[in-house]
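**Student:** turn this into a model:
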Amino acid sequence: MHTPHKIRNIGISAHIDSGKTTLTERILYYSGRIHKVGEVKGDGATMDHMDLEKERGITITSAATTVSWEDQEINVIDTPGHVDFTIEVERSLRVLDGAILVLCGVGGVQSQSLTVDRQMKRYGVPRIAFINKLDRVGADPARVITEIEEKLGLTAVPLQLPIGLEASLDGVIDLITMEGVYFEGSRGEKVVRKEIPAEYQDQAAKARNALFETLSLYDDELMEQLLEGHEPEVDKVHDIIRRLTIARDIVPVMMGSAFKNRGVQPLLDAITRYLPSPLDQMYYAKDLDNDSAEVAITCDHDAPVVAMAFKLVDEQFGQLTYTRIYQGTVRKGDQLVNTRTRQTARIGRMVRMHANDREDVTEAHAGDIVAFIGVDCASGDTFCADRLNYALENIHAPEPVISLAIDVKKGGDRDRLAKALQRFVREDPTFHVRTDPDTRETVIAGVGELQLEVYIERIRREYGVEVETGAPKVNYKEAPTANAPFDYKHKKQTGGSGQYGHVIGTLEPLPEERESDYVFENKVYGGRIPSEYIPSCDKGFQAARMNGPLAGYEVVGVKITLEDGTSHSVDSSDIAYQVAAREAFKEAYLKAKPAILEPIMVVEVEIPAENQGPVVGDLTSRRGMIMNTEAKADATTVVAQVPLANMFGYATDIRSMTQGRGTFSMEFGSYKVAPRDVQSDVIAKAKEPQNAGAKK
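**Tutor:** Model (predicted):
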C-alpha cells in the first residue's frame, strides 16, 4: 500500500569538503543498503560512481538512492559541494521536500554554505543542520551555531552537545531525552544510550533550558508547562520541533563525525522525525489553459499525474530522466504529455536509482523519485496526464561567466564532438555552446574553470575525442551609463513595395539593483506606430542588445522607452520596424557612455596562518578587494572579491604559495564596471579578428 507520509525526499548539501559524501556513505551503511563502507579518498564512495569523481575525490554529479530507516523510506540525493557544479544542487533542491545542510566543525559557514542556503530559501526547503568533523583539531560547534545565526540569518536550535571534541570525541548528548549517546562496534553500528557523564551535567541542563525557551516562543502550551515547572513530554517536544522545522521557523542542529562513525544514526532519526513528507509540503503549478493561474497540487495517488523531469543523463540505451512525481500514479506503459512541447511520451521502463545501479519498478506514486528510460525531454519539463496542462516552476540556472574555444585534433572526430556537446547541453543548463561568428570556432561556456575542465576530460574519455582548447575567456557584458535619445527612420525604396519604419524614444541605464537586464516600455499613443508593430520594435531592440556595438558583448541594465514614430500605409512592415529599432539602438547606445562590465568572483581561501601575508598580497595584485580575514584554529580564511580575468590558473599558484596546504573556492558575485585600461584592452581585442579580416 502506498503511504506518502512514510516517505522523505531529502538532499545532502554543503560547502566542498564538509563531508557530505562520507555522511551519505554512512547513511547507506547503517540503513543496510551497503555492507562495506567506501571512502572518498580511498576506494571511492558508493555515490561517487564516475571514475573522475574517484580520481579527484570530489562529487561532480548528484546521485540518488533510496534507504529504509525505522519503517520509513528515505530518497537521498548527494549533491556536489563545488560551486562549478551548483546546477546539480539547484535542480535537486527544486524537487526535494527537505535537506541536510552539512557544516564543517572547523570551517563553519563557508562561501558555498551561503550559496546552498540561498538555494534552500529560494525553493522553501526546510533543513536540519549537521555539524560534521567534530573529531578535527580546532572543531568548535558553538562558533558554528553562532555563524548559522549571524551569517545565514536562521534560528539554530541545537538538539545535541558533543561528548568530548577533536581526538576525544566519544558521542553526543541528546538534550531532549537527557541521555549520552555512544556508538560502539567496529563501525559505530551499535547505538548505546547511557547516563550523561557527570562533568557534562550542568552544561547539558543549561543547553536543554535554552532549547525549551526557544521552542516555547512558538508554542503557548509548552510555555505554560515550563512556567508551571512541569517536564514536557518527549513526544510533544518532537512534534513541536517537527512543526517549526517544516514551517522553516527553526533549524534543528545535530552533531557528530561521519568519518569517525559518530552521530549518524540520531541524524537518521531526526530526518524521519522532523523533515516533511510529501504530504506536509504545498506545491503549486501554473494552469496553461487558464492564463497561467496558480493551482495547488495534492499528493494524491488517485489524482491525474503531474511530474517534473529535473535531471537528464544520456546513456547508451537512451536518455535516463530523473523525475519527481508530485501527483497521481505513473504505471509502466502509461502515456504522459510534456506540457512544454505538447508531445506525448510513453513510459516504457521506470527504475529506482541507487547511485549508478538501478532497480526496475512497475509503478511510481505521488512523492516518489524515479527515473524514466528512453523518454525524450529537457531538464525542467513538466509531464501531465492527458487532461491537464500544468507547468511547474522551472529550475534557476546561473549565467555562464567563462568560455573556451574548442576544436578536434583529427577532422574525423567532429561528429563525435558535436554529439558530446549536444548531450552535455541537454544535461546541464549552465553549459552553453555557440559558434563564434568571426572566427567560426566552437566556443563552450560555463560557470567555472573546473566545470569546463571536467567536460573536456569527459569528451576525451567517454567519446574518445582528442580536443585542443584555446585560452579561457571571460564573458564580459556591456551597459549604458547615461540617457540617450533616439530618432531613427528606416526608409528603403526598391522596385515594388518598399520598407518604412520610424522610431523615436529614449535609451537609459537601469539601476544596479534590478530585477531584469532589459526593460521595454511602450508610450506610443494615437496609433502613430500601429499596435501590431510594437512587438517588432521590441524584437529589434532585443536583437541589437545581444551583440553590443562597443565590443560585441550582451548589453545589460538597459531600458528602452518607445515614445513616438511614424508609419507608412503600404511600406511599413514587421521587418522594417525591426531594422529601425536595431539601428536606433546602436545609434543611441554609443551616445549613452557605454561601459564594459566584468564578472567579479567571491573567492574564499583557506590557508595556514603563516601564509596569510603572501596570499593576501597576491590577491591584491590581482585587483582583489579583501572583504574579510578570519583565524580559525591553525588556519586563516580570507574572503576577497577578485575579477575573474585575474583568477585563471589560481589553483596552481595557491598550491605553490602554501606548499600544497591551501585550498580555495570561487563563485560568481556580480558584474561591475571594469577600470578604464581593462575596458580599452577588451574593446581592442574585440576588434582584432575584424581588423585581421580587413588586412587579408
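
**Student:** and Trp670, that one's in a helix?
**Tutor:** Not quite, residue 670 is Ser, not Trp. No: judged by DSSP: H, G, I helix; E, B strand; the rest coil, Ser670 forms no part of a helix; its state is strand.

**Student:** with Ile373 as the reference, measure out to it.
**Tutor:** Remark: distance between Ser670 and Ile373 (Cβ to Cβ, to the nearest Å) = 41 Å. C-beta: built from backbone N, CA, C; applies to glycine.

**Student:** for Gly256, same thing?
**Tutor:** In terms of Cβ to Cβ, Gly256 sits 38 Å off from Ile373.

**Student:** more neighbours: which of the two?
**Tutor:** Gly256 (32 against 17; other Cβ atoms under 10 Å).

**Student:** so what pLDDT did that one get?
**Tutor:** Gly256 is assigned 92 on the pLDDT scale.

**Student:** report the contact partners of the residue lying closest to it once chain neighbours are set aside.
**Tutor:** Nearest non-adjacent residue to Gly256, counting by Cβ to Cβ, 6 or more residues apart in numbering: Gly263, 1.8 Å away. Going by Cβ atoms under 8 Å, 6 or more residues apart in numbering, Gly263 touches 130, 134, 160, 171-172, 181, 183, 254-257.

**Student:** next, name the residue at the spatial heart of the chain.
**Tutor:** Centroid check for the chain by Cα atoms, centre = their mean gives Glu90 as the closest residue, at 3.1 Å.

**Student:** buried set for the helix or strand that contains Glu294?
**Tutor:** Here Glu294 sits within strand 293-297, counting by DSSP states H and E. The neighbour-count check on strand 293-297 (16 or more other Cβ atoms under 10 Å) flags Ile297 as buried.

**Student:** partners of that strand in the sheet?
**Tutor:** strand 283-287 (antiparallel) (DSSP bridges).

**Student:** can you pull out the strands in the stretch 401-550 of the chain?
**Tutor:** Remark: strands assigned in the stretch 401-550 of the chain by DSSP state E, counting those that start in this stretch are 402-408, 432-435, 442-446, 467-469, 473-474, 477-479, 484-492, 499-509, 518-522.

**Student:** among those, which is the most enclosed?
**Tutor:** Counting by mean count of other Cβ atoms under 10 Å, strand 477-479 has the highest mean neighbour count of those, with a mean of 24.

**Student:** what segments of the stretch 101-250 of the chain are strands?
**Tutor:** Using DSSP E, counting those that start in this stretch, strands in the stretch 101-250 of the chain cover 127-132, 156-158, 160-163, 171-174, 179-184, 190-194.

**Student:** out of those, the one nearest Thr658 is which?
**Tutor:** For the strands of the stretch 101-250 of the chain, proximity to Thr658 was assessed by Cβ to Cβ; strand 127-132 is nearest, at 23.7 Å.

**Student:** what comes into contact with the closest one?
**Tutor:** Counting by Cβ under 8 Å, 6+ apart, 18-19, 23, 98-105, 120, 141, 144-145, 148, 154, 156, 245, 251-258, 263, 267, 270-271, 274-275 sit against strand 127-132.

**Student:** figure out how far that strand is from the centre of its chain.
**Tutor:** Taking the mean of its C-alpha atoms, strand 127-132 sits 19 Å from the chain's own mean (Cα atoms, centre = their mean, to the nearest Å).

**Student:** could you dump it to PDB, C-alpha only?
**Tutor:** In PDB, the C-alpha atoms belonging to strand 127-132 read as follows (Å, rounded to 0.1, in the frame of the first residue of the first chain):
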ATOM      1  CA  ARG A 127      16.500  21.800   6.700                       C
ATOM      2  CA  ILE A 128      18.400  20.200   9.500                       C
ATOM      3  CA  ALA A 129      22.000  21.300  10.100                       C
ATOM      4  CA  PHE A 130      24.600  18.700  10.800                       C
ATOM      5  CA  ILE A 131      27.900  19.900  12.300                       C
ATOM      6  CA  ASN A 132      30.400  17.300  11.000                       C
END
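
**Student:** run me through the strand neighbours of that strand, direction for each.
**Tutor:** With DSSP bridges as the test, strand 127-132 is paired with strand 98-104 (parallel), strand 251-255 (parallel).

**Student:** confidence-wise, which of those strands is weakest overall?
**Tutor:** Among these, strand 98-104 scores lowest, with a mean of 91.

**Student:** contacts for that one?
**Tutor:** For strand 98-104, contacts defined as Cβ under 8 Å, 6+ apart pick out 8-15, 17-20, 23, 93, 109-110, 113, 116-117, 120, 125-133, 136, 144, 148, 251, 267, 271, 275-276.

**Student:** quick one: it to chain centroid distance?
**Tutor:** Counting by Cα atoms, centre = their mean, strand 98-104 comes out at 15 Å from the chain centroid.

**Student:** and that strand, what's buried?
**Tutor:** Quick answer for strand 98-104 (16+ other Cβ under 10 Å): 98-104.

**Student:** remind me, longest strand of this structure?
**Tutor:** Counting by DSSP state E, the longest strand found in the chain is strand 595-608.

**Student:** other SSEs contacting the following helix or strand past that strand?
**Tutor:** The helix or strand immediately downstream of strand 595-608 is helix 612-621, counting by DSSP H and E. Judged by 3 or more Cβ pairs under 8 Å, 6 or more residues apart in numbering; DSSP states H and E, helix 612-621 is in contact with strand 595-608, strand 625-632, strand 635-643, helix 650-657.

**Student:** pull out the buried residues from the first one.
**Tutor:** Think strand 595-608. Applying 16+ other Cβ under 10 Å to strand 595-608 flags 595-607 as buried.

**Student:** from the chain's centroid, how far away is it?
**Tutor:** Centre-to-centre, strand 595-608 and its host chain are 18 Å apart (Cα atoms, centre = their mean).

**Student:** angle of that strand against strand 98-104?
**Tutor:** Angle between the axes of strand 595-608 and strand 98-104 is 60 degrees (criterion: axes from the mean of the first three to the mean of the last three Cα atoms, to 10 degrees).

**Student:** for the third one, same thing?
**Tutor:** An angle of 110 degrees separates the directions of strand 635-643 and strand 98-104 when computed by the same axes, to 10 degrees.

**Student:** the second one now?
**Tutor:** Strand 625-632 and strand 98-104 meet at an angle of 80 degrees, taking the same axes, to 10 degrees as the criterion.

**Student:** how big is the angle separating strand 625-632 from helix 612-621?
**Tutor:** Using the same axes, to 10 degrees: strand 625-632 against helix 612-621 is 160 degrees.

**Student:** partner strands of strand 625-632, with direction?
**Tutor:** Taking DSSP bridges as the criterion, strand 625-632 forms sheet pairs with strand 635-643 (antiparallel).

**Student:** what's the answer for the longest one, then?
**Tutor:** According to DSSP bridges, the neighbouring strands of strand 595-608, each with its direction, are strand 477-479 (antiparallel), strand 635-643 (antiparallel), strand 663-673 (antiparallel).

**Student:** and Ser68, which of those is closest to it?
**Tutor:** strand 663-673 (34.7 Å).

**Student:** dump that closest one to PDB, restricted to CA.
**Tutor:** Below are the C-alpha coordinates for strand 663-673, written out as PDB (Å, rounded to 0.1, in the frame of the first residue of the first chain):
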ATOM      1  CA  THR A 663      42.500  25.400  -0.700                       C
ATOM      2  CA  PHE A 664      40.100  27.900  -2.300                       C
ATOM      3  CA  SER A 665      36.600  28.100  -3.600                       C
ATOM      4  CA  MET A 666      35.300  30.700  -6.000                       C
ATOM      5  CA  GLU A 667      31.800  31.600  -7.100                       C
ATOM      6  CA  PHE A 668      30.300  34.400  -9.200                       C
ATOM      7  CA  GLY A 669      29.400  37.500  -7.200                       C
ATOM      8  CA  SER A 670      28.300  40.300  -9.600                       C
ATOM      9  CA  TYR A 671      29.100  42.300 -12.700                       C
ATOM     10  CA  LYS A 672      30.900  45.600 -12.100                       C
ATOM     11  CA  VAL A 673      32.200  48.300 -14.400                       C
END
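
**Student:** isn't the residue nearest to the centre of the chain right up against Ala397?
**Tutor:** Yes: using Cβ atoms under 8 Å, Glu90 is in contact with Ala397, at 7.1 Å.
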